[in-house]
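Undergrad: 3D, please:
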Amino acid sequence: MKDVEWLKNYMKEKGIDAKIIEVKKASTVKEAAEELGCSKRQIIKSIVLVAEDEPIIAIVDGTSSVDLKKVEKLVGKNVRIAGREEVPHLTGFPAGGVPPIGHNCKVILDERVLKNEKVYGGGGDEKHLLLIPPTEITKDGATTAKIRK
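TA: Okay, here's the model as predicted:
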């Protein structure tokens, strides 16, 4: 299982300009926004999808939901949202703590996320968040597209 320490080491290795913040609990957008006193649009969600046999991470801001039809068009496969119990097997991270970086699968970042200078995403578990400029997510290999509803 990957964790916060793994994420810290990954960021150091890759030279990713981001920092991990400890919070009381932030497994939902609402909890994270309240804890940080910021807009839900500054919180990002890493939604784990399954495209037939491969995992895909879809990242949208806290006010949006992923449009599965748009993702299906991009990847050319049927897509479904992974079940909570599948997330650790697919990503190495628990549901609610999946970061926007550090994955060996396709990562798609919704273009609207790039309008923020910095965003907060999963930080490895529900007690940590990752403060990161969206451009660092694309540097880590994410592609950008309009995938929100």
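
Undergrad: For G96, see how far away E126 is.
TA: 5 Å (C-beta to C-beta, to the nearest Å). Placement of C-beta: from N, CA and C, glycine included.

Undergrad: Looking at G96 now. What's its pLDDT?
TA: Listed pLDDT for G96 reads 89.

Undergrad: Backbone torsions only: list them for it.
TA: phi 90, psi -10 (degrees, to the nearest 10).

Undergrad: So the closest residue in space to it that isn't next to it in sequence: helix, strand or coil?
TA: Leaving aside its sequence neighbours, G96 sits nearest to S27 (C-beta to C-beta, 6 or more residues apart in numbering; 3.4 Å). Here S27 takes the coil state, with states given by DSSP: H, G, I helix; E, B strand; the rest coil.

Undergrad: hang on, S27 packs against G97?
TA: Yes: contact criterion C-beta atoms under 8 Å: S27 and G97 qualify, at 7.3 Å.

Undergrad: quick one: common contacting residues for these two?
TA: E126 (C-beta atoms under 8 Å, 6 or more residues apart in numbering).

Undergrad: For those two, indicate the residue with more neighbours.
TA: G97 (26 against 16; other C-beta atoms under 10 Å).

Undergrad: show me what contacts the residue nearest to that one when sequence neighbours are not counted?
TA: Among residues not flanking G97 along the chain, D125 sits closest, at 4.0 Å (C-beta to C-beta, 6+ apart). D125 makes contact with D3, V4, F93, P94, G96, G97 under the criterion C-beta under 8 Å, 6+ apart.

Undergrad: Just the buried residues of the lowest-mean-pLDDT helix or strand in the chain, please?
TA: Of all helical and strand segments in the chain, the minimum by mean pLDDT, DSSP states H and E falls on helix 29-36, at a mean of 91. The neighbour-count check on helix 29-36 (16 or more other C-beta atoms under 10 Å) flags V29, E31, A32, A33, E35, L36 as buried.

Undergrad: Please apply the same query to stretch 44-58.
TA: Applying 16+ other C-beta under 10 Å to stretch 44-58 flags I44, K45, S46, I47, V48, L49, V50, A51, P55, I56, I57, A58 as buried.

Undergrad: List phi and psi for the residue lying closest to the fifth one once chain neighbours are set aside.
TA: Computed as C-beta to C-beta, 6+ apart, the closest residue to V48 that is not its neighbour in sequence is A82, at 4.2 Å. Per-residue torsions, A82: phi -70, psi 140 (degrees, to the nearest 10).
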